[in-house]
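*Asks:* Here is my input, please return the structure:
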Amino acid sequence: MLDIIGVGDTNVDVMIQVPNIPMHDEKARGKLVGNYPGGITANFCSAAAALGAKVGAVCKVGRDDYGKMAFSDLQARGIDISHMVIDPECETYFCMVLLDATGEKALTIVETSGFLPHPAEIDVAYLKTARWVHMTTLDMELTAWAARELEGSGTMLSLDIEATAGDCTRELWDEVLGRTAIAFPNEAGLEALTGCKTIEEGAKQMLVRGVKLVVVTCGADGVRIYHKKGSVCRQAYRVPVKDTTGAGDCFNGAFLTGITKGWSLERCARFACAAAAISIGSVGARTGIPVPAQVQEFLEERGEGICD
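*Replies:* Numbers count the residues shown, from 1 in each chain. Okay, here's the model as predicted:
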């Protein structure tokens, strides 16, 4: 039995180093750093697999060069790719990532015909073999479809919520949130969804709408976790930054891996914050994803440990 199946996107990130992220009508001279495998869902799956979960991925690629890179990287990481969607007629999507000297980024998703799998291309029986299915809000119709199919199966839904969430009605959002066990919004995604100006207000609204656990990632400010009985806060670790691409995906993958192991929320947060801190020390969304021994060493150097 798999611990987690990620359903969503995989792509190639075209990384360009710039002195500064250009503003409107501004030009910046950049240098190509290289092409790196990426995608919100695929990054998440890669982190979870590296950190000890049994993981499968259901993403869509073409038979082009980007598709071959995206597919082979997941395969090399020990992720179950038996139900990946390979469509020779589609073009694998990619992202243009501008990376400045501080390691911060600006990212443009270049959508193609191979952006996300369609419901007809997904084996629901396969999804139900996992304890968790992790999805994004890039296509809310797809997410809502999966949520309905998983209802009553025992497989729980985990959801990454960003400000780029697909447009949909309040009714569809409520349907999905009512079936979501864990939501991972970043601050922008939380405000876009709830309209609330404070993290606490937004998280409480999501709990009222049916989410069991709300994990709000706050970048350099760490994470705030809310459930009906209280909350947990954890500061981020201060480390040198080379590239923040995929840091949130790494955090989410690490956190949900801890949940599959039955860890406390405090332990999951500490583990995930450490994993994300390590990951931003390398260029590329997956280049710096650590293994458990690296997380353990990182924490011990700071007088902490993985265990409670």
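
*Asks:* which residues does the closest residue to residue 271 other than its chain neighbours contact?
*Replies:* Beyond its immediate neighbours in the sequence, the residue positioned closest to residue 271 (C-beta to C-beta, 6 or more residues apart in numbering) is residue 258, lying 5.2 Å away. Using the backbone N, CA and C atoms, a C-beta is placed for each residue, glycine as well. Residues near residue 258 by C-beta atoms under 8 Å, 6 or more residues apart in numbering: 267, 268, 271, 272.

*Asks:* same deal with residue 180?
*Replies:* 147, 157, 158, 159, 210, 211, 212.

*Asks:* Can you give the distance from the helix or strand hosting residue 182 to the centre of its chain?
*Replies:* According to DSSP states H and E, residue 182 maps onto strand 180-185. Taking C-alpha atoms, centre = their mean, to the nearest Å, one finds the center of strand 180-185 at 11 Å from the center of the full chain.

*Asks:* my guess is residue 161 meets residue 190, correct?
*Replies:* Yes - under the criterion of C-beta atoms under 8 Å, residue 161 makes contact with residue 190 at 7.1 Å.

*Asks:* related to what we said a few turns ago, out of the contacts of residue 180, give me the one that has the most neighbours.
*Replies:* Counting by other C-beta atoms under 10 Å, residue 211 has the largest number of neighbours within the contacts of residue 180, with 26 neighbours.

*Asks:* Quick check: that one touching residue 174?
*Replies:* No - counting by C-beta under 8 Å, residue 211 sits too far from residue 174 to count as a contact (10.6 Å).

*Asks:* can you list contacts of whichever strand or helix holds residue 72?
*Replies:* Taking DSSP H and E as the criterion, the element that holds residue 72 is helix 65-76. When contacts are taken as C-beta under 8 Å, 6+ apart, the neighbours of helix 65-76 outside the stretch itself are 10-12, 35, 37, 39, 42, 45-46, 57, 59, 61, 81, 84, 86, 91-94, 114, 286.

*Asks:* Sort out for me which of the contacts of residue 258 are in helices.
*Replies:* Restricting the contacts of residue 258 to those inside helices, with DSSP state H as the criterion, leaves 267, 268, 271, 272.

*Asks:* Tell me where the model's unsure across the chain.
*Replies:* For the chain, applying pLDDT under 70 flags the ranges 165-166, 307-308.
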